[in-house]
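A.B. asks: next come a sequence and a model predicted from it.
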Amino acid sequence: MMENQVAKQNHFWQYLILILLTIFILIPFVLGFWTSFLPTAEISKGALWSSHLSFDNYRAAITQTPILRYLFNSLVISVLTMLAQLVFCSMSAYAFVFLKFKGRDLLFYVVLATMMLPFEAEVIPNFATVRSLNLLNHYAVMVVPFLTSAFGIFMLRQAFLQLPEELKEAADVEGLSHWQFYGRVVLPYAKISLLTLAAYSFLASWNQYLWPMLTTFSDDFRPVQDGLRQLQSQESFNNWGMIQASAAIVVIPTLIVLFFGQHYFKSGLNEGAVK
Amino acid sequence: MSIELQKITKSYDTNLVLEDVSVRIATGEFFAIVGPSGCGKSTLLRMIAGLIPISAGILKIDEQVVNQLPPQDRKLTMVFQNYALFPFLNVAENVAFGLKARRLAKDEVAQRVKQALELVNLSDFAERKPRELSGGQRQRVALARAIASDAKICLMDEPLSNLDAQLRGKMRSEIRELQQQLGLTLIYVTHDQVEAMTMADRIMVLHDQHVQQIGSPAQIYQQPQNTFVANFFGTPQINLLTVQHAVSDQLALDSFLKFELPTKLTAGTYQVGIRPGDLLVDFNQSQTNAAVRNLEYLGNQSVIHAKLDHGEEIRITVANHLAVGINQRLLVTAKPNFIVFDQQQRAVLFVRGGKQDGTDQIQQFQQA
């Protein structure tokens, strides 16, 4: 009984702290979302309440700024990056698990080592490279450097290692080629990890800021995160209500991916338990 | 389709796993490979399947040397211990998987899947996923997958070891029936001596990287070539009693427990192997040579664990239920059915009903 009460008390404090933290973290989002409904004039006055709540800011954002173009650009870039990462990461992970060749493990460690280098450190050489490739200010410049990722290879390799050895042997007895085994057994088996990687790479690409800022110069190719920044400086005075509305629009796809991905993120953790 | 192994050897670097395994398995034979875990029996099976390379020796299937042939060209199927079902495919798709990989016509695939599922009584489960099946049903899916292929050789790697005892008994007879019905040449790896004894036409006993004996279940049981085989088969285990032998016509443990020899043996130390059922007990004699240590009642028989007065523990089975207490005195004598092993633990003499039995077994074995 005593232990039970102690446990309950512990739970109470844990939840209290968690709830406080949640409120603390959510305040900026809620505030931002709220202000997106307020007229800019009142926001400038610092008012948090107004009788003029409306969708005017959203209308303005869509009609007066290239926000839809930014969304389209980001969608193209993120989808391409995601698909490319799924293909290339799964293929290299397959090689690291199921093909036997000299120096395989060493090569894998080299791939892992690239993860240790922060992206900021690679920006200058990467920039020089894409410039010589004449890719600047184009979709390609935001997709090509991210066609594959060490993290994705690492994650899928772990997932593929979970595959029972007998499945490989059964496939060998049936005479499956590597391509057949990859397509018919390994990919379906690791479906959850693939979905996780898809969501992860989509979001990572969607939230890129530094690299597109350096490599794009026109609204035709600029993705959302940089587009948002663009809105601020473009206006002679900052139409905060409209900027907030744009930010809210930009977040929507992220929320959709998270909402659908959440189910898989969770079950991805105990994937090995299902035989 | 016969299978022939000629001096098959497997080593990893300098580490010898199997040495000089030779046997010829006839078409339609149920051949069991049995041994304790780590004896290399699964390795041998995987070499026959072509999943791992053979270090030395020749493997022939249907009189063709297949050492270099990839698994799919060896015309065999395999059933695995953990079933190796594809979790994302339903039962019918699992069974059809190999057929589709071999690019068979659609209606033939459907036909074969239907037949195979009928044979294993899973027709009603065709649409289920493996995770929705019980262990026994999963194992039957794995069997159906092997059956659906037209390959006449089937390799099984401890297919029943994940099932509970009752189901195991049922599946044993099911596998045996299917094998007969389809005329399969079946190589069956197991660590369970009962499985090997009850199912197989012939048994190969592996231990210590070497073949210990190859023979029918009766031969293995009655004429084990060494103490390892004698110990491995039979429940409860055979009694191995050490005897000092001077030149005479009997081996005597004490003045009651004696073994008459039909032929002469040179003097030396021997081990007498006698099955627990070939010992006789009598609780009503004034002269006794042992005391009861423990009694196990098994329903159709009782196992007496007794200690002989000169120190050796023995196991005796009797048909009836006994009401005896611990430490009760008894007289133990032997029927004239026993095996004599020499100091190298090799069988030198088999005696049944007081007569010598199968004298040239050892020579045959050594020649094989």
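C.D. replies: On my side now, so go ahead. Numbering: from 1, shown residues only, chains lettered A, B, ... in the order given.

A.B. asks: alpha carbons only for contacts and neighbour counts from here, please
C.D. replies: Fine.

A.B. asks: in three-state terms, label residue 128 for me.
C.D. replies: Just going to use chain A. helix (DSSP: H, G, I helix; E, B strand; the rest coil).

A.B. asks: mind checking pLDDT for it?
C.D. replies: A:A128 carries a pLDDT score of 93 in this model.

A.B. asks: try B:F365
C.D. replies: Looking at B:F365, the pLDDT reads 46.

A.B. asks: what does the stretch 51-200 of chain A put close to chain B?
C.D. replies: Proximity of the stretch 51-200 of chain A to chain B is confined to A:164, A:166-167, A:169-176, A:185, A:188-189 under the rule C-alpha under 8 Å from any C-alpha of the partner chain.

A.B. asks: got a markdown table for those residues, with secondary structure too?
C.D. replies: Output for these, formatted as a markdown table (three-state DSSP):
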| residue | secondary structure |
| --- | --- |
| A:P164 | coil |
| A:E166 | helix |
| A:L167 | helix |
| A:E169 | helix |
| A:A170 | helix |
| A:A171 | helix |
| A:D172 | helix |
| A:V173 | helix |
| A:E174 | helix |
| A:G175 | coil |
| A:L176 | coil |
| A:V185 | helix |
| A:P188 | helix |
| A:Y189 | helix |
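
A.B. asks: and those residues, which two are furthest apart?
C.D. replies: Checked with C-alpha to C-alpha, these reach their widest spread between A:V173 and A:P188, with 19.3 Å between them.

A.B. asks: when these two are compared, which one has more neighbours?
C.D. replies: A:V173 (22 against 16; other C-alpha atoms under 10 Å in any protein chain shown).

A.B. asks: list the residues that contact the more buried one.
C.D. replies: B:49, B:51, B:71-72, B:76-78 (C-alpha atoms under 8 Å, 6 or more residues apart in numbering or on different chains).

A.B. asks: try B:Q287
C.D. replies: Counting by C-alpha under 8 Å, 6+ apart, B:Q287 has contacts B:L331.

A.B. asks: show the contacting residues for A:Y94.
C.D. replies: Per C-alpha under 8 Å, 6+ apart, neighbours of A:Y94: A:157, A:160, A:182.

A.B. asks: er, B:I339 I mean
C.D. replies: Counting by C-alpha under 8 Å, 6+ apart, the residues that B:I339 touches are B:223, B:272-274, B:347-351.

A.B. asks: how about the helices in the stretch 201-350 of chain B?
C.D. replies: Applying DSSP state H, counting those that start in this stretch to the stretch 201-350 of chain B gives helices spanning B:217-222, B:227-232.

A.B. asks: got the buried residues for stretch B:233-246?
C.D. replies: By neighbour count with 16 or more other C-alpha atoms under 10 Å in any protein chain shown, stretch B:233-246 contains the buried residues B:233-234, B:237-243, B:245.

A.B. asks: re the thing from before, among the contacts of A:V173, which are located in strands?
C.D. replies: Residues of these located in strands (DSSP state E): B:76-78.

A.B. asks: with distance to chain A, pLDDT and neighbour count as new columns, can those be given to me in CSV?
C.D. replies: Output for these, formatted as CSV (distance: C-alpha to the nearest C-alpha, whole Å; pLDDT from 0 to 100; neighbours: other C-alpha atoms under 10 Å in any protein chain shown):
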residue, distance to chain A, pLDDT, neighbour count
B:L76, 7, 90, 24
B:T77, 7, 91, 26
B:M78, 7, 91, 28
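
A.B. asks: nearest spatial neighbour of the closest residue to chain B within the stretch 51-200 of chain A, chain-adjacent residues omitted?
C.D. replies: The nearest approach of the stretch 51-200 of chain A to chain B comes at A:G175, 4.4 Å away (C-alpha to the nearest C-alpha). Closest residue to A:G175 apart from its sequence neighbours, by C-alpha to C-alpha, 6 or more residues apart in numbering or on different chains: B:Q72 at 4.4 Å.

A.B. asks: now for the one you found: which residues touch it?
C.D. replies: B:Q72 neighbours (C-alpha under 8 Å, 6+ apart): A:172-175.

A.B. asks: and stretch B:210-222, end to end?
C.D. replies: For stretch B:210-222, the first and last residues are 21 Å from each other (C-alpha to C-alpha, to the nearest Å).

A.B. asks: buried set for that stretch?
C.D. replies: Going by 16+ other C-alpha under 10 Å, stretch B:210-222 has these buried residues: B:210-217, B:219-222.

A.B. asks: and the pLDDT at B:I8?
C.D. replies: The model's pLDDT for B:I8 equals 92.

A.B. asks: give the contact list for it.
C.D. replies: Contacts of B:I8 (C-alpha under 8 Å, 6+ apart): B:18-22, B:54-59.

A.B. asks: just say helix, strand or coil for it.
C.D. replies: Three-state call for B:I8 (three-state DSSP): strand.

A.B. asks: residue 73: how many residues sit nearby?
C.D. replies: I'll assume chain A. Neighbour tally, A:N73, other C-alpha under 10 Å: 19.

A.B. asks: wait, chain B was what I had in mind.
C.D. replies: With other C-alpha under 10 Å as criterion, B:D73 counts 13.
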